[in-house]
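Asker: Take a look and give me a structure for this.
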Amino acid sequence: MNRLTRITRHPIKGHGREDLASVSLSPGACLPWDRHWAVAHAAAKLQEGWSACVNFARGAKAPALMAVTSELDEATGQVTLTHPDRGTLAFRPDAAEDLSRFLEWVAPLNPPDRAQPGRIVTAGRGMTDSDFPSVSILSEASLQALSDKMGVALSPARFRGNLWIKGAEPFAEFSWIGREIRIGTATLRIEERITRCLATTVNPETGARDADTLKALEAGFGHQDFGVYATVVTGGRVAVGEEWVLT
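Answerer: I've put the predicted structure just below:
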């Protein structure tokens with residue numbers, strides 16, 4: 001059956017993931033608190049509002065970051081980060097007095113030959129890789145097809161998506177561009193494919209590169225895309241286990 005199987009947000013871009021049971025989506029907005037913060041590095045050239053991913057510390061350039069998990073307390077704005085090699089850190093990204101503790105905690109996870117994390121920024125919207133406020137939708141069938149191609153069970157966490165669905169044919173989501181999908185009481189319009197980067201080659205449990213997903217996508221399917229970006233057309237609540245319908 002067509003079901004929503006996973007909802008994930010990433011409160012700090014490139015620094016952790018958190019699964020949710022349900023979420024309320026708003027028209028024209030990202031998934032709430034997803035990429036709400038981002039960690040600008042020393043060489044960042046930020047513009048007003050949204051800035052491109054090259055300005056931020058992220059798993060494509062710092063693989064160890066992929067093993068971070070997170071938990072956000074929405075009431076207090078406190079984020080708790082956990083990493084197998086760094087233990088746990090609870091801090092408030094908006095609190096200037098907490099920045100030094102975060103930078104000390106995260107420093108060993110960043111390659112020393114790259115621009116180092118310098119500050120935490122916000123943009124008034126989710127700092128997604130798309131230049132428009134998006135919610136990403138990914139397919140379990142596509143993940144299974146890629147896993148079969150590679151001969152390894154790939155974790156969904158490699159792809160840092162928001163909404164995971166089952167019930168579609170592998171990579172059928174690419175044919176949905178321009179169509180709308182209803183999940184729960186929300187409706188989203190499928191906008192474009194997501195072209196992937198080196199972050200997907202990293203094991204999200206260990207933070208080490210161990211699977212050439214990009215090569216496998218290119219060799220097996222003729223592209224390096226996985227998942228689609230969507231925009232919220234009609235707001236509403238979505239929950240794991242709910243049915244999805246193309247409209």
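
Asker: show me the contacts for the closest residue in space to R3 that isn't next to it in sequence.
Answerer: Using CB to CB, 6 or more residues apart in numbering and skipping residues adjacent in sequence, the residue nearest R3 is K166, 5.4 Å away. Quick note: C-beta positions are derived from backbone N, CA and C, even for glycine. Residues in contact with K166 (CB atoms under 8 Å, 6 or more residues apart in numbering) are 1-3, 5, 139-141.

Asker: can you pull the pLDDT of K166?
Answerer: Listed pLDDT for K166 reads 98.

Asker: cool, and M1?
Answerer: Confidence at M1, expressed as pLDDT, is 87.

Asker: and A216, backbone torsions?
Answerer: Dihedral angles of A216 (phi, psi; degrees, to the nearest 10) stand at phi -70, psi -40.

Asker: how near is the residue nearest to it when sequence neighbours are not counted to D210?
Answerer: The shortest distance from A216 to any non-neighbouring residue, by CB to CB, 6+ apart, is to M150 (4.8 Å). Between M150 and D210 the computed distance is 11 Å (CB to CB, to the nearest Å).

Asker: what sits against the residue most central in space within the chain?
Answerer: Taking CA atoms, centre = their mean as the criterion, R160 is the residue nearest the geometric centre of the chain, at 3.2 Å. With contacts defined as CB under 8 Å, 6+ apart, the neighbours of R160 are 8, 10, 17, 59, 136, 199.

Asker: As a markdown table, those residues with pLDDT would be great.
Answerer: A markdown table is the format used below for these (pLDDT from 0 to 100):
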| residue | pLDDT |
| --- | --- |
| T8 | 98 |
| H10 | 98 |
| R17 | 98 |
| G59 | 97 |
| S136 | 98 |
| A199 | 97 |
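
Asker: Looking at those, which is nearest G220?
Answerer: Nearest to G220 among those is A199, at 19.1 Å by CB to CB.

Asker: Tell me how many other residues surround that closest one.
Answerer: A199 is flanked by 22 other residues according to other CB atoms under 10 Å.

Asker: again with V238
Answerer: Residues contacting V238 under the criterion other CB under 10 Å number 24.

Asker: can you check I194 too?
Answerer: Counted with other CB under 10 Å, I194 comes out at 21.

Asker: Correct me if wrong: it contacts Q224.
Answerer: No: using CB atoms under 8 Å, I194 is not in contact with Q224; the gap is 9.6 Å.

Asker: Could you chop the protein up by domain?
Answerer: Following automatic domain parsing, the chain resolves into domains at 3-30+129-246, 38-121.

Asker: M150 and D210: which has the busier surroundings?
Answerer: Using other CB under 10 Å as the criterion, M150 and D210 rank with M150 on top: 17 against 12.

Asker: hang on, that one packs against L214?
Answerer: No: M150 lies out of contact with L214 (CB under 8 Å); the separation is 11.1 Å.

Asker: Next, give phi and psi for F159.
Answerer: F159 adopts backbone torsions of phi -100, psi 0, taken as degrees, to the nearest 10.

Asker: residues near it, how many?
Answerer: For F159, the count of nearby residues is 22 (other CB under 10 Å).

Asker: Give me the outermost residue of this structure relative to its centroid.
Answerer: Farthest-out residue of the chain from its mean C-alpha position, per CA atoms, centre = their mean: E97, at 27.1 Å.
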